[in-house]
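Visitor: Got a sequence here, can you model it:
(chains A and B)
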Amino acid sequence: MIKDNDIISPFQITAITIMTLVGVGIFSLPRSLADVAGTNSIIMILIGGIISLLAMSVIVTLNCRFPRKALPDYSGEIMGKIPAKILIFIYIIYFTVFIGYETRVMGEAVKLFLLSNTPLEVTMLSIILACTYAVRGGVECIGRAMEVFFPFLFIPMILIMLPGITDADFSNLLPVFYGLPSKFFKALPTMALSFSGYELLLFYVGFMKKPKKAYTYAAVGIIIVTIFYVIITVLCFSMFSVKVVKGMIWPLLSYVRSVNLPGLFIERLDGVMLGIWVFAVYTTMVSLYFALTYSLSRLLGTKEQKQYALIMVPFIYLASVIPQNFAQVDKMPVYLIEYTGSILLYVVPPLLLFIAWIRKKGGTNK
Amino acid sequence: MKISRLIILCIIIIFTMFLTACWDLLEIENRSFVLSIGIDKADETESEDGGSDSGSEGSESEESKSGGKKEEEKAKDEGKSNFKEKESDEKNKYKITFVNPDTAESEEGKVLDFVTYDTEAPSYTTGTIKLLQRFSKDHNFEHTKVIFLGRSLLEDEELVKNTIDILGRWRHLHSSMLMYMAIDKAADVFKVKPKTKTLLADYVEGIAEHSNVAARIVRVTFRDFAMQIITSGGHGALPIIIPNKDEVKSTGMGIIKDYKLIGELDEKETIAYIWCNDRAKGGVLECKSSGCSIPFIYRYFKRKIKLDKVEGDTVYLTFNMVTDGAIEEYTLGKKLLDDEKLKSIEEELENDIVEQSMALIKRMQEEFKVDLLGVKEYLSKYHPKLHKKVSEDYEDFFQNKLKIKVEAKLRVRRIGKTV
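Guide: Down below sits the predicted model:
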């Protein structure tokens, strides 16, 4: 059971959804989309948003059957103790590697653009340690942190991206719909990848007083993220055209780098952008991290999750140094999210819901 | 007592761990901002000589100071010892010239002199590293404004591919740098000492800004150029810069086909190129019919492509050009405040636009055989099916099966103020 003082508000659920979804992926999103969907990317994002809304509602429905409980609490009820523990363990590994991946990409970008002489270990360890601090504060602390960071992340980010519109040629977004059917199924996994993260609702909705409210509030979060993705993609595509974006490692950063503000006291905005982006990565990491420590505490049967935060640091660090080079880092989400994540996101929750319905476990069973 | 000491000790240990170094500290006076870069193909014979030459000069050619004070040249340690620099076996491909403002010569905070350094190397990165052997500051490329490419470099397919990749991949460089093709060697551009006391990069940048009022001046950023080359598969155009003694001139364009320089456009064709690619922002057209020349100034120019019909394999396109502007020069004693008169001038100017554009289109189709008119882009965006069909053998399609017609619509709106 969840303790009474660990409560997050509906608006915090929106903030958590947005801040978790917007992570390292935003820099490379236009490239991965350009690769698979070409000029149909905008449509694919919208489709991805709709699919995410459906998957999200399955997750929230599942959570509504077990109010005031998170996945590690009710999975035992649904599928029995041992299978539940195995499932939680899989989630733990998934989260660890996921945080490791976020850390690594963040480290690589910071190394390349900001601190080229600082050892990678230092940047990566410091952000992991900063995360443990937030995670030790518990779910309320995380909810509030997300709430506070949300405007600080989005308002400057949009402001930074605006001046580039003068250089953009929107005809680069054409042709739309041409060859969509052939690309549709190829692009779907990439969409899953860029929207992954809301499986954390399996954990966070449990902390709400009225989980039913999550339907609207989490949906709003996903819609905002969808719009944000569309804006990023439209700007990058119209600035560079699809063919060029395909070859870019971090299109969004290249976009910001080519925005020139002569006469202003800062001519280049990429440093600012990277700073904001580190916030985005940090929030994603924190919300994943909490789910990780919470799962651990339930797996090992302890009441508190605090003590696991520091213990997991070396494991996360190890996960982050698995890839040997950037090509491997870039390939990592394919294994991590397209294969594992999709199952945990699209298969496990409906399956759990189905079993709960059959076995008449939890809440109302109409 | 003991506990507080322990705490202090702990704090000291933690601090020493976290304050080991500020790895990325670099004082501003140790930075040297490279404002423009010239890239040439290395002169093969010269570099071989350099290797066998006396002493430290090696294959890196001399370090020269231009833009102001030339005299105090190369501190060459001539024949001090028998030490011979061993050259790597790698063949030098590039001759790279960097230009930094000479901060030592600054007057009241204004830096007007610049220092040029050049180096030859098999690759660009090696070049920058080799330069450090004789340069005390840290090069910073965040504010690089202009890149000049030498003619010989552009004639080499491999080097063009390589250079575009370098400029795009190198994290320091900004994609809004201006790109120019030097009429001969890029290094020659840096020998110019501008008449007006400005840095060369600012001077060239200022010229490029005039593309807003003169279509004959072309402003191409690295992003434009890379986009053109990448999306078209190796075709593009770069403005040419001609260095003179105390000034540079931007005129004409170099045509690159399959990553290789194949020809040049003169000034008239350059203007037509800008029109056909819908990049004209302003300029002047001369109407010569009635004895004296009447210049027409435009600040608006739009080009639209329309697909007329497809007959079998042949595709008919129309380039619609629309412009309006003013006439602010005529002669005394003749009336310009006359609709009929203006109509006739408009007609004549329209014909000029059509003629000039058709001449370029013809040259592109017949001589260069390369589509730098935006046709491929148009077809891929608005007629993807047709584009897919013709892109199987696009060159053949462009030469033989594409019929382009130009239509111009010009309006003289204003006629100045007179006295």
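
Visitor: Go ahead and confirm A:L153 touches A:Y282.
Guide: No: applying Cβ atoms under 8 Å as the test, A:L153 and A:Y282 come out as separate, 9.8 Å apart. (Each C-beta comes from the backbone N, C-alpha and C, glycine too.)

Visitor: when you scan the helix or strand containing A:L29, is anything in it near chain B?
Guide: A:L29 is part of helix A:25-37 when elements are defined by DSSP states H and E. No: if you take Cβ under 8 Å from any Cβ of the partner chain as the test, helix A:25-37 misses chain B, and the best it gets is 12.2 Å.

Visitor: In that helix, which residues are buried?
Guide: Using 16 or more other Cβ atoms under 10 Å in any protein chain shown as the test for burial, helix A:25-37 gives A:25-37.

Visitor: So what touches that helix?
Guide: Residues outside helix A:25-37 that contact it (Cβ atoms under 8 Å, 6 or more residues apart in numbering or on different chains): A:41, A:43-45, A:109, A:183, A:186-187, A:190, A:193-194, A:228-229, A:232-233, A:236-237, A:242-243, A:245-246, A:248-253, A:277, A:280, A:330, A:333.

Visitor: could you point out which element follows that helix?
Guide: Next along from helix A:25-37, by DSSP H and E: helix A:41-65.

Visitor: What ranges does chain B have for its helices?
Guide: With helices called from DSSP state H, chain B shows them at B:2-18, B:44-52, B:124-131, B:151-154, B:157-169, B:186-189, B:200-209, B:222-232, B:267-276, B:339-362, B:375-382, B:384-390, B:394-400.

Visitor: of all those, which gets the most neighbours per residue?
Guide: helix B:186-189 (a mean of 24; mean count of other Cβ atoms under 10 Å in any protein chain shown).

Visitor: residues in contact with it?
Guide: For helix B:186-189, with Cβ under 8 Å, 6+ apart as the criterion, the contacting residues are B:38-40, B:95, B:97, B:116, B:118, B:148-150, B:153, B:180, B:182, B:200, B:241, B:243, B:248.

Visitor: Contact residues of chain A facing chain B?
Guide: So far as Cβ under 8 Å from any Cβ goes, chain A lies against chain B at A:112-119, A:122, A:171-172, A:174-175, A:178-179, A:239-241, A:243-244, A:247, A:254, A:257-258, A:260, A:267-268.

Visitor: that older thread, next, the angle helix A:41-65 makes with the helix holding A:L29.
Guide: Here helix A:25-37 runs at an angle of 120 degrees relative to helix A:41-65 (axes from the mean of the first three to the mean of the last three Cα atoms, to 10 degrees).

Visitor: distance between helix A:25-37 and the chain's centre?
Guide: Computed by Cα atoms, centre = their mean, to the nearest Å, the separation of helix A:25-37 from the middle of its chain amounts to 15 Å.

Visitor: what does the average pLDDT come to for that helix?
Guide: Helix A:25-37 shows a mean pLDDT of 87.

Visitor: And stretch B:171-190, by the same measure?
Guide: 87.

Visitor: Check the gap between the nearest residue to B:K335 once chain neighbours are set aside and B:I294 for me.
Guide: Excluding its sequence neighbours, the residue lying closest to B:K335 (Cβ to Cβ, 6 or more residues apart in numbering or on different chains) is B:K341, at 6.8 Å. For B:K341, the distance to B:I294 (Cβ to Cβ, to the nearest Å) stands at 10 Å.

Visitor: In the stretch 251-366 of chain A, which residue sits nearest chain B?
Guide: Going by Cβ to the nearest Cβ, chain B is nearest to A:S258 of the stretch 251-366 of chain A, at 4.3 Å.

Visitor: Neighbours of that residue, how many?
Guide: By the criterion of other Cβ atoms under 10 Å in any protein chain shown, A:S258 has 19 neighbours.

Visitor: what's the burial count for the nearest residue to it once chain neighbours are set aside?
Guide: In space, not counting the residues next to it along the chain, A:S258 is nearest to B:S175; the distance is 4.3 Å by Cβ to Cβ, 6+ apart. When neighbours are defined as other Cβ under 10 Å, B:S175 has 22 of them.

Visitor: What are the phi and psi values at B:S175?
Guide: phi -80, psi 0 (degrees, to the nearest 10).

Visitor: quick one: contacts for it?
Guide: For B:S175, the contact set (Cβ under 8 Å, 6+ apart) comprises A:S254, A:R257, A:S258, B:G168, B:T221, B:F222, B:R223, B:A226.

Visitor: B:E346: which of those is nearest?
Guide: Nearest to B:E346 out of those is B:T221 (Cβ to Cβ; 34.0 Å).
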